[in-house]
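Undergrad: missing the sequence, but the structure's below:
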């Protein structure tokens, strides 16, 4: 059985699943069905996701099972994340922005005399955790 197409081969727009059929009892159901975020993944990406889930997301176990290096596993994971419409590390960048804003306001408060040097060091020292 071939995987369902997710993109129109003519105009490249998203295809919508409108019919489901059971070959066992010959039942057919018509409607509009949501295919989910995994529908955009290739067969190889779906196989990788299956291994990743089976290994409970532990990259060392994925490495052992697939006999691939850590950087290769990370690259494959990032490919899956992008194929699903997300950008890897975006949450990390948001946390960096939050920490940068905290650092900036703390230094402004220190400069304006609203907090002491010890308070600033305490605030900035605690941001790593």
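TA: Here it is on my side, so go on. These numbers come from a predicted model, not from an experiment. Numbering: from 1, shown residues only.
Undergrad: domain ranges for this protein?
TA: 41-83, 90-128 (automatic domain parsing).
Undergrad: winner for burial among those?
TA: domain 41-83 (a mean of 14; mean count of other Cβ atoms under 10 Å). In this view, the C-beta of every residue, glycine as well, is placed from N, C-alpha and C.
Undergrad: one step back: of the domains of the chain, which shows the lowest average pLDDT?
TA: With a mean of 76, domain 90-128 has the lowest mean pLDDT of the domains of the chain.
Undergrad: picking that back up, next, format the domains of the chain as a markdown table and append distance to residue 15.
TA: Below are these laid out as a markdown table (distance: least, Cβ to Cβ, whole Å):
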| stretch | distance to residue 15 |
| --- | --- |
| domain 41-83 | 15 |
| domain 90-128 | 28 |
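Undergrad: pull out the buried residues from stretch 22-34.
TA: If you call a residue buried by 16 or more other Cβ atoms under 10 Å, then stretch 22-34 has no buried ones at all.
Undergrad: out of the domains of the chain, which is closest to residue 18?
TA: Closest to residue 18 of the domains of the chain is domain 41-83 (Cβ to Cβ; 21.2 Å).
Undergrad: contacts only, for the residue nearest in space to the middle of the chain.
TA: Nearest to the geometric centre of the chain sits residue 81, at 4.1 Å (Cα atoms, centre = their mean). Contacts for residue 81 (Cβ atoms under 8 Å, 6 or more residues apart in numbering) come out as 87, 88.
Undergrad: 7 Å instead, please
TA: Counting by Cβ atoms under 7 Å, 6 or more residues apart in numbering, residue 81 touches residue 88.
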